[in-house]
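[1] Have a look; sequence and predicted model below, questions after that.
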Amino acid sequence: MNKQNISIVILAAGKGSRMKSSKAKVLHAISGKPMLYHIIKASREISDDITVVIAHQKEAVKEQMQAFFDDINFVVQDAQNFPGTGGAMKNVTPKNEKVLVLNGDMPLITSNALQGFLDTQADIIMSIFDLEDPSGYGRVVIKNNQVQYIVEQKDANEEELQTTTVNAGIYAFSKAVIEKYIPLLSNDNAQEEYYLTDVISMAKKDGLSIAPLLVDEEHFKGVNSKKDLADSEVIMQERIKTKWMEAGVVMQLPSTIYIDESVTFEGECLIENGCRLTGETLIVNSHIKASSVIEDSVVKNSDVGPMAHLRPASHIEDTHIGNYVEVKKSSLKGVKAGHLSYLGDAQIEEGTNIGAGTITCNYDGIKKYKTIIGKNVFIGSDSQLVAPVTIEDDVIIAAGTTVTSGKVGSGNLAINRTKMALVKDYYYRFFGTK
């Protein structure tokens, strides 16, 4: 979508007390990214002038968003002297002639859903819903396809409460409207706040055009509680999985699968039920089997699971990872690790077989150490590799061996298990039988 001559202001200053959390409301995550991230991402598809108004935990909000975007303006709201949505606009100076004002708690907004604000011509464009149960929303009174006024539920009379058209909370103003009416806002109301909705009534008195724009609740759904957060997550997950299935990814029982917004797929991929894929994970031509977890890792031409766990910074290529195998910060190429192993801080080359119960002992309680395993190495079951250690090509590690030397040379067999002893009739003496 081409950038438009529109400025976007995102109101992200509120505490979000109904979230019942010490974290700023807009930083709660949807599909692996803060809510505010999703709104900025959609906004950047249609505008190159984006301002985020911040106040509560402003440094944390700014820092997290700057980790994703380097072209966003931030304005700090003086929430003590100028509280409310109108107060949030006090120090905003948009560049373009049309100004779209969004809320920072609407993570399901898309650039396509905002198209109506770009296509409609009026001094003010106001988003509306038609709800069967409008409880909790400000009511919007419309006549001749023009907004007459808005009334908050607590201030509405009986007739106004019967109205099912409600304020969806998104507006587009001409720049002239912003410049004229924001300085005129008053906090002479029950909440002693500066309401952006008061601009509507002032503009109406002056005869300006105020067009209602019907929007769908799915895209403009606000998140005010942990329940809302969970409901929005379901919708976002459906979008993400639909996108990738349409691109050719096979998903078995997709409703049981979780995929972060930042996960990508290439080629022929199959994801079985119950999988969780997070972070900057890339899956290429691979089969991820049931109930596996993959975090911030790359999987190419491989199969993983069932019930395997790839922790961050793992790179798996041309490899079989079986059930109950955990890999962390390791590179495996052309490897077989069938089951019940932990491979951490390791580099393992092609042709190597990792036996059941193999552990890379990479942590001494203070520091992490690396294990390097060459090509065509056979590691027997129940082996421990105490890092730092290098096992060169063409080595056999006997089952039950603990490798403690720093290097095992090519062609060698490493074995250090205790010789088995047989004690005749010990069973009968121990249990007093026979």
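    That came in fine, so what should we check first?

[2] any chance you could read off phi and psi for residue 238?
    Backbone dihedrals for residue 238, given as degrees, to the nearest 10, come out at phi -60, psi -40.

[3] and the gap between it and residue 259?
    Using Cβ to Cβ, to the nearest Å, residue 238 is found at 11 Å from residue 259. Yep, even glycine has a C-beta here, placed from its N, CA and C like the rest.

[4] now the helices for this protein?
    Per DSSP state H, the chain carries helices over the ranges 35-44, 58-66, 84-88, 115-119, 158-161, 175-181, 198-205, 226-246, 426-431.

[5] which of residue 238 and residue 259 has more neighbours?
    Counted by other Cβ atoms under 10 Å, residue 238 and residue 259 do not tie: residue 259 has more neighbours, with 27 against 13.

[6] quick one, what contacts the more buried one?
    By Cβ atoms under 8 Å, 6 or more residues apart in numbering, the contact set of residue 259 is 31, 237, 240-241, 244, 271, 277.

[7] roughly how far apart are it and residue 293?
    Taken as Cβ to Cβ, the span from residue 259 to residue 293 is 12 Å.

[8] Give the intersection of the neighbour lists for those two.
    Residues touching both residue 259 and residue 293 (Cβ under 8 Å, 6+ apart) are residue 277.

[9] What count of nearby residues applies to the closest residue to residue 387 other than its chain neighbours?
    Among residues not flanking residue 387 along the chain, residue 369 sits closest, at 3.6 Å (Cβ to Cβ, 6 or more residues apart in numbering). Residue 369: 15 surrounding residues under other Cβ under 10 Å.

[10] Now residue 369: phi and psi?
    phi -130, psi 160.

[11] Now do it, the pLDDT please.
    Per-residue confidence at residue 369 stands at 96 (pLDDT).

[12] How about residue 142?
    92.

[13] quick one: it and residue 210 touch, right?
    No - at 9.3 Å, residue 142 does not count as touching residue 210 under the criterion of Cβ atoms under 8 Å.

[14] who's more crowded, these two?
    The residue with more neighbours, out of residue 142 and residue 210, is residue 210; 25 against 16, by other Cβ under 10 Å.

[15] what is the closest residue to that one other than its chain neighbours paired to in the beta sheet?
    Closest residue to residue 210 apart from its sequence neighbours, by Cβ to Cβ, 6+ apart: residue 147 at 4.1 Å. Following DSSP bridges, residue 147 is listed with bridge partners residue 142.

[16] Could you number the chain from 7 rather than 1 from now on?
    That works, and once the first residue is 7, the last one we named lands at residue 153.

[17] pLDDT wise, what is residue 153 at?
    pLDDT, residue 153: 93.

[18] ok, it - how many residues close by?
    With other Cβ under 10 Å as criterion, residue 153 counts 25.

[19] quick one: contacts for it?
    Shown in contact with residue 153 (Cβ under 8 Å, 6+ apart): 130, 132, 146-147, 206, 210, 216-218.

[20] Highest neighbour count among those residues?
    residue 146 (27 neighbours).

[21] and for stretch 171-183, what are the contacting residues?
    So stretch 171-183 is contacted by 12-13, 100, 102-109, 112, 123, 126, 129-137, 140, 143-148, 156, 202-203, 205, 209, 214, 218, 221, 226, 228 (Cβ under 8 Å, 6+ apart).

[22] Got a quick ChimeraX command for the buried subset of those residues?
    Buried members of the contacts of stretch 171-183, defined by 16 or more other Cβ atoms under 10 Å, are picked up in ChimeraX with:
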select :12,13,100,104,105,106,107,108,109,112,123,129,130,131,132,133,134,135,140,143,144,145,146,148,156,202,203,205,209,214,218,221,226,228
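
[23] Now residue 90: closest residue in space that isn't a chain neighbour?
    residue 199 is the one closest to residue 90 (Cβ to Cβ, 6+ apart), at 3.1 Å.

[24] Show me the shaky parts of the stretch 7-156 of the chain.
    For the stretch 7-156 of the chain, the stretches flagged by pLDDT under 70 are 7-8.

[25] show me where it has strands.
    Using DSSP state E, counting those that start in this stretch, the strands of the stretch 7-156 of the chain run over 12-17, 35-36, 39-40, 55-60, 79-82, 104-109, 130-136, 145-149, 152-157.

[26] can you redo those as CSV with distance to residue 118?
    Formatted as CSV, the strands of the stretch 7-156 of the chain follow (distance: least, Cβ to Cβ, whole Å):
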stretch, distance to residue 118
strand 12-17, 15
strand 35-36, 18
strand 39-40, 19
strand 55-60, 17
strand 79-82, 24
strand 104-109, 14
strand 130-136, 15
strand 145-149, 23
strand 152-157, 24
